[in-house]
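Colleague: Model the following, please.
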Amino acid sequence: MSTFAGKTAVITGAGSGIGRALALQLAAEGARLALSDVDSVGLEQTADQARALGADVHTAHLNVAEREAVLHYADEVAARFGTINMVFNNAGIAFTGDVEVSEFKDIEHVIDVDFWGVVNGTKAFLPHLIASGDGYVVNISSLFGLIAIPSQSAYNAAKFAVRGFTEALRMEMITNKHPVAVTCVHPGGIKTAIARNATAAEGTDATSLGEFFDKHLARTSPEAAAKRILKDVRRKRARSLVGIDARALDLFQRTTGAGYERIFAAVAGRVMKKAGQVS
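Modeller: Numbering: from 1, shown residues only. Have a look, this model is predicted:
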């Protein structure tokens, strides 16, 4: 996919962050956009900015965890644009809490949005992408789909699952000779609202953790992240590592193997102390 001009791109979680940045960069390159989010206000702001760049934009309030709604949305987008070329399954949420104190419902909620949302979006749009003759699936995992850290078990589980699902999908498209490329994206610390909006287990101060993440760990802007992702999409790369932290920690994990877990356990204790989570 050497050009995005005239292509129809579907982006979930388009109301802010990476989703908005992807939408605006694709709009600037002449793509048609189907944008969705549960944040209606943020979504319309993104749409207005994309339209100002000349893009043909369709918007929808969409919870990606609701399968029937996603299936209906795919039909709606197909009716609106005819051909669908690209799907960016970007919507996601965060939750902080050790397994010991996390409620089942909180873990399930993360899995429903961060994993099943990706599955729903992929399954709903895949027939349209195949039919286009020039399709692309871009699934957003995370740095935490490459390494695990304490207090992020639910998020890790979802993002590792996205990675496995996406890598298998890519091989299936090759094996079945379908005209659909697939990329799994692993962003590191991105300056978005996901940490500030994260929920947390009882007794965990989500606000302090969000502030710590924004101040010390979020190094890459959404615009830079989108630029990296689209560069890797042009090259049809299987994996997109976004940010120097993602590239460095991926290398570290592959070098140390399971040994990284003890190191991260020790580091995480100091980080949580600085963030005000432990005494």
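
Colleague: C-alpha only now, for contacts and for neighbours.
Modeller: OK.

Colleague: show me where the protein has helices.
Modeller: For the chain, the helices defined by DSSP state H cover 17-28, 40-52, 67-81, 104-110, 117-132, 153-175, 206-212, 222-234, 244-256, 260-274.

Colleague: Pick the most buried one from these.
Modeller: Stretch with highest mean neighbour count among those: helix 17-28 (a mean of 24; mean count of other C-alpha atoms under 10 Å).

Colleague: Make a markdown table from the helices of the chain and add distance to residue 95 to it.
Modeller: Shown next, in a markdown table, are these (distance: least, C-alpha to C-alpha, whole Å):
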| stretch | distance to residue 95 |
| --- | --- |
| helix 17-28 | 17 |
| helix 40-52 | 21 |
| helix 67-81 | 22 |
| helix 104-110 | 7 |
| helix 117-132 | 16 |
| helix 153-175 | 7 |
| helix 206-212 | 9 |
| helix 222-234 | 20 |
| helix 244-256 | 20 |
| helix 260-274 | 15 |
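
Colleague: Confidence-wise, which of these is weakest overall?
Modeller: For the helices of the chain, the bottom mean pLDDT is recorded on helix 206-212, which sits at a mean of 54.

Colleague: how deep is the closest residue to residue 265 other than its chain neighbours tucked in, by neighbour count?
Modeller: With sequence-adjacent residues excluded and distances taken as C-alpha to C-alpha, 6 or more residues apart in numbering, residue 265 is closest to residue 150, at 6.7 Å. Residues lying near residue 150 (other C-alpha atoms under 10 Å) number 18.

Colleague: Need phi/psi at residue 150.
Modeller: Dihedral angles of residue 150 (phi, psi; degrees, to the nearest 10) stand at phi -60, psi 150.

Colleague: so it makes contact with residue 100?
Modeller: No. Residue 150 is not in contact with residue 100 according to C-alpha atoms under 8 Å; the separation is 11.3 Å.

Colleague: closest one to residue 8 among the helices of the chain?
Modeller: Closest approach to residue 8 among the helices of the chain is made by helix 67-81 (7.2 Å; C-alpha to C-alpha).

Colleague: Next, the angle helix 117-132 makes with that closest one.
Modeller: Going by axes from the mean of the first three to the mean of the last three C-alpha atoms, to 10 degrees, helix 67-81 is angled at 30 degrees with respect to helix 117-132.

Colleague: what's next to helix 67-81, contact-wise?
Modeller: With contact meaning C-alpha atoms under 8 Å, 6 or more residues apart in numbering, helix 67-81 is reached by 8, 34, 58, 60, 62-64, 84, 117, 120-121, 124-125, 128.

Colleague: Alpha carbons of the longest strand belonging to the chain, as PDB, please.
Modeller: The single longest strand within the chain, with elements called by DSSP state E, is strand 180-187. Extracted C-alpha coordinates of strand 180-187, given in PDB (Å, rounded to 0.1, in the frame of the first residue of the first chain):
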ATOM      1  CA  VAL A 180      -4.700  -8.600   3.000                       C
ATOM      2  CA  ALA A 181      -1.600  -7.400   4.800                       C
ATOM      3  CA  VAL A 182      -1.400  -7.500   8.600                       C
ATOM      4  CA  THR A 183       0.600  -5.500  11.100                       C
ATOM      5  CA  CYS A 184       0.700  -5.800  14.900                       C
ATOM      6  CA  VAL A 185       1.600  -2.600  16.600                       C
ATOM      7  CA  HIS A 186       3.500  -2.400  19.900                       C
ATOM      8  CA  PRO A 187       3.500   1.200  21.200                       C
END
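
Colleague: Fine by me, we can end here.
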